[in-house]
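[1] Coordinates for the following, if possible.
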Amino acid sequence: MTVPVPMWPQPLDPLHSFALSAGVAALPLLLILILMGGLRKSGLFASGCGLALTVLLAIAVWRMPPMMVVSSTAFGALFALWPILWIVFGGLWLFNLTQDTGKFDLLRRWMEEHASGDPCIQVILVAFCFGALLEGCAGFGAPVALTSCLLVGLGFEARKAILVSLIANTAPVAFGALGIPIVALAGATGLDLTKLSAMVGRQIPFLSFVLPAYLVWVMARGKGLKRVWPAVLAAGGTFALAQFLVSNLWGPYAADVIAASLSVAAVVGLLRVWKPRGERATEVSSVGKLSSQQAFAAWLPWVILSVVMILWSWLGLLTKGQVSIPIPTLHNQVLITLYQKPYSALYGFQPLAAGTAVFVSVVITAVCFRVRPGVVATAGWKTVRQLAIPGLTVMTIVGLTYLYNYSGMAYTLGAAAARVGPAFPILSSYLGWLACFLSGSDSASNLLFGNLQVAAAHQLHLNPILTAATNSSGAVAGKMISPQNIAVGVTTVGLIGQEGRILRATFWHSVLFAGLIGLLAWAQAYWLTSMIP
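    Next comes the predicted model:
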């Protein structure tokens, strides 16, 4: 007869002083944020130090059994490997393949060709639409790096190019890199992925709708808005509607790719029948207009990716063949004292996860362009090298997050944050904003503060889907002021050493965006509750 193993109860106040316990629980997060944001240490070094401190506190202060410490950390690392890094790997592989075969250069030329003319139209097409497409497929700083370079090539002053590229790199961030922030948020909190996607999709589209107008206002104030308002409505309206529909009906994976592609089509289609009057930019010299065949080749990889992701979700392939694996010494062996219920630890391995769909897109793209296997393999190996350090960083920080949750430290800190009271939905947005500002990643923000948001929501009798989603939505505003993102931008346009000036230029835009998201979440929490899935 098997003797049942007694559950280990998470201590909510291990130091018998709630303020002190919460302060100690915050130390690993503060350490990571200070090392990354303040001292500019690498993400791997910062997350490694944070994990070491979390292990020490979990054992010495929260009295977590060492085997549970090991199991929860390994559980997080496993989840980071599959599905998170598998999705990122596929997206970057496709991006690298388009670069190595020259298809990305065709897309760049297509953008340059169709964006030439009015600088406000250039900002909409390049910084907003094209930047969103890059964020949706690759992330990792690619949107700011490439759009700022392209804008400078179109005649923009370097500082202005970086400014609008950073501001534009907000609305697509929550669903960036094929939905990784939402996948990470669901993994960290245990909440339903589709509901989180839908909730974020009922917040971010409001920002997406106004963002083109905001970018034009930054560029040319009211005069510019008056001149190009049809393009503003076409870009913002199409992107916001598509982002809302895809995130609510299909999930997070292709929301940005589809929204950006349709937004580009809407603006380009509009420009065929309407032209803005007034100020014109100097035309950019080119090697000649693209043929229709070249334009088709430029867009084909992204159309393939969009179609495959839609079909994958529509056919329900994501969960086909899924296997649930209980984590030894952890599954239902931890009692969440705050809720008085066992903490499950089931790893759901999905062989047909979203990353597999992206891999299929890579294969189809290679076949369509008749790319030699050696070129495909070279692009894949380049991706492996690119992801080596970032991948270890992700595995470390997700392992830390899972340990932070299973040890009870997240619940201690969440209970403390709940003392803000009814204004917490506004704080939710700024918590995400702060974490993304310092870590440079919406995904990292969700991993660090996602479960804290859930714990606080339970204390305040708020819907945890709302507060967790608001963390991700608020984080997008912090992306434009993150030192990592700014560093990428200044490096590509030759403004190294001017990071501080760029940060000051974007700071209040960032604060405003986070505040607007917070106010929307506050309204959804108390008045617009029907918006919560």
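[2] Tally up the residues packed near residue 64, please.
    By other CB atoms under 10 Å, 23 other residues sit near residue 64. C-beta coordinates here come from the backbone N, C-alpha and C atoms, glycine included.
[3] Tell me which residues touch it, please.
    Counting by CB atoms under 8 Å, 6 or more residues apart in numbering, residue 64 touches 8, 58, 406, 407, 408.
[4] In TSV, list those residues along with distance to residue 255, secondary structure and neighbour count.
    Formatted as TSV, those follow (distance: CB to CB, whole Å; DSSP: H, G, I helix; E, B strand; the rest coil; neighbours: other CB atoms under 10 Å):
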residue	distance to residue 255	secondary structure	neighbour count
8	39	strand	20
58	36	helix	24
406	30	helix	29
407	33	helix	29
408	34	coil	29
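[5] among the residues you listed, which two are most distant?
    Largest separation among the contacts of residue 64 by CB to CB: 8 and 58, giving 11.2 Å.
[6] what helices or strands is the longest helix seen in the chain leaning on?
    Identified as the longest helix of the chain according to DSSP state H is helix 204-249. Applying 3 or more CB pairs under 8 Å, 6 or more residues apart in numbering; DSSP states H and E, we find helix 204-249 packed against helix 119-122, helix 158-168, helix 193-200, helix 255-271, helix 464-479, helix 499-526.
[7] highest average neighbour count across those helices?
    Comparing the helices and strands packed on helix 204-249 by mean neighbour count (mean count of other CB atoms under 10 Å), helix 464-479 comes out on top with a mean of 31.
[8] Compute the inter-axis angle for that helix and helix 204-249.
    130 degrees (axes from the mean of the first three to the mean of the last three CA atoms, to 10 degrees).
[9] and helix 464-479, C-alpha only, in PDB?
    C-alpha atoms of helix 464-479 as PDB (Å, rounded to 0.1, in the frame of the first residue of the first chain):
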ATOM      1  CA  PRO A 464      -7.200  37.300 -12.900                       C
ATOM      2  CA  ILE A 465      -7.500  37.200 -16.700                       C
ATOM      3  CA  LEU A 466      -7.900  41.000 -16.700                       C
ATOM      4  CA  THR A 467      -5.000  41.800 -14.400                       C
ATOM      5  CA  ALA A 468      -2.600  39.300 -16.000                       C
ATOM      6  CA  ALA A 469      -3.500  40.500 -19.500                       C
ATOM      7  CA  THR A 470      -3.100  44.100 -18.300                       C
ATOM      8  CA  ASN A 471       0.500  43.300 -17.300                       C
ATOM      9  CA  SER A 472       1.200  42.300 -20.900                       C
ATOM     10  CA  SER A 473      -0.700  45.300 -22.400                       C
ATOM     11  CA  GLY A 474       1.000  47.800 -20.100                       C
ATOM     12  CA  ALA A 475       4.400  46.300 -20.900                       C
ATOM     13  CA  VAL A 476       4.200  47.300 -24.500                       C
ATOM     14  CA  ALA A 477       4.500  51.000 -23.400                       C
ATOM     15  CA  GLY A 478       7.800  50.200 -21.600                       C
ATOM     16  CA  LYS A 479       9.300  48.700 -24.700                       C
END
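[10] Tell me the helices and strands packed up against that helix.
    Helices and strands touching helix 464-479, by 3+ CB pairs under 8 Å, 6+ apart, are helix 176-189, helix 193-200, helix 204-249, helix 424-439, helix 442-460, helix 499-526.
[11] Dump those helices into CSV; add distance to residue 262 and mean pLDDT as well.
    As requested, the helices and strands packed on helix 464-479 are exported to CSV (distance: least, CB to CB, whole Å; pLDDT from 0 to 100):
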stretch, distance to residue 262, mean pLDDT
helix 176-189, 17, 86
helix 193-200, 18, 96
helix 204-249, 5, 94
helix 424-439, 26, 84
helix 442-460, 22, 84
helix 499-526, 23, 90
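[12] Select, out of these, the one closest to residue 118.
    helix 204-249 (6.4 Å).
[13] how big is the angle separating the closest one from helix 499-526?
    Using the same axes, to 10 degrees: helix 204-249 against helix 499-526 is 60 degrees.
[14] List the buried residues in stretch 371-391.
    Of the residues in stretch 371-391, 371, 376, 379, 380, 382, 383, 386, 387, 390, 391 count as buried by neighbour count, 16 or more other CB atoms under 10 Å.
[15] Roughly how far does the third one sit from residue 314?
    Between residue 379 and residue 314 the computed distance is 28 Å (CB to CB, to the nearest Å).
[16] Residue 335 now?
    40 Å.
[17] more neighbours, those two?
    residue 335 (17 against 10).
[18] Could you give the bridge partners of the more buried one?
    residue 9, residue 342 (DSSP bridges).
[19] In TSV: the helices and strands packed on helix 204-249, plus distance to residue 41.
    Formatted as TSV, the helices and strands packed on helix 204-249 follow (distance: least, CB to CB, whole Å):
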stretch	distance to residue 41
helix 119-122	37
helix 158-168	22
helix 193-200	30
helix 255-271	30
helix 464-479	18
helix 499-526	16
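[20] Can you check which of these gets nearest to residue 367?
    Closest approach to residue 367 among the helices and strands packed on helix 204-249 (CB to CB): helix 255-271, 19.9 Å.
[21] about what we covered before: out of the helices and strands packed on helix 204-249, which comes closest to residue 234?
    Closest of these to residue 234 is helix 255-271, at 4.4 Å (criterion: CB to CB).
[22] Tell me which residues of the very next helix or strand once past the closest one come out buried.
    Going down the chain from helix 255-271, the next helix or strand is helix 292-314, by DSSP states H and E. Using 16+ other CB under 10 Å as the test for burial, helix 292-314 gives 294-295, 297-302, 304-306, 308-310, 312-313.
[23] on that earlier part again, would you mind giving the helices and strands packed on helix 464-479 as CSV with distance to residue 34 added?
    CSV is the format used below for the helices and strands packed on helix 464-479 (distance: least, CB to CB, whole Å):
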stretch, distance to residue 34
helix 176-189, 21
helix 193-200, 28
helix 204-249, 29
helix 424-439, 8
helix 442-460, 13
helix 499-526, 17
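[24] Looking at those helices, which is nearest to residue 347?
    helix 176-189 (10.0 Å).
[25] hang on, the earlier thing: how about the helices and strands packed on helix 204-249, which one is nearest residue 85?
    Nearest of the helices and strands packed on helix 204-249 (CB to CB): helix 193-200, 16.9 Å.
[26] Tell me what angle that closest one forms with helix 292-314.
    Using the same axes, to 10 degrees, helix 193-200 lies at 120 degrees relative to helix 292-314.
[27] so what does helix 193-200 touch, helix or strand wise?
    Using 3+ CB pairs under 8 Å, 6+ apart, helix 193-200 sits against helix 176-189, helix 204-249, helix 464-479.
[28] returning to what we had before: so which of the buried residues of helix 292-314 would you say is closest to residue 258?
    Nearest to residue 258 among the buried residues of helix 292-314: residue 306, at 5.1 Å, using CB to CB.
[29] How about residue 501: what's its closest non-neighbour residue?
    Here the nearest residue to residue 501 in space, its sequence neighbours aside, is residue 159; by CB to CB, 6 or more residues apart in numbering that works out to 7.4 Å.
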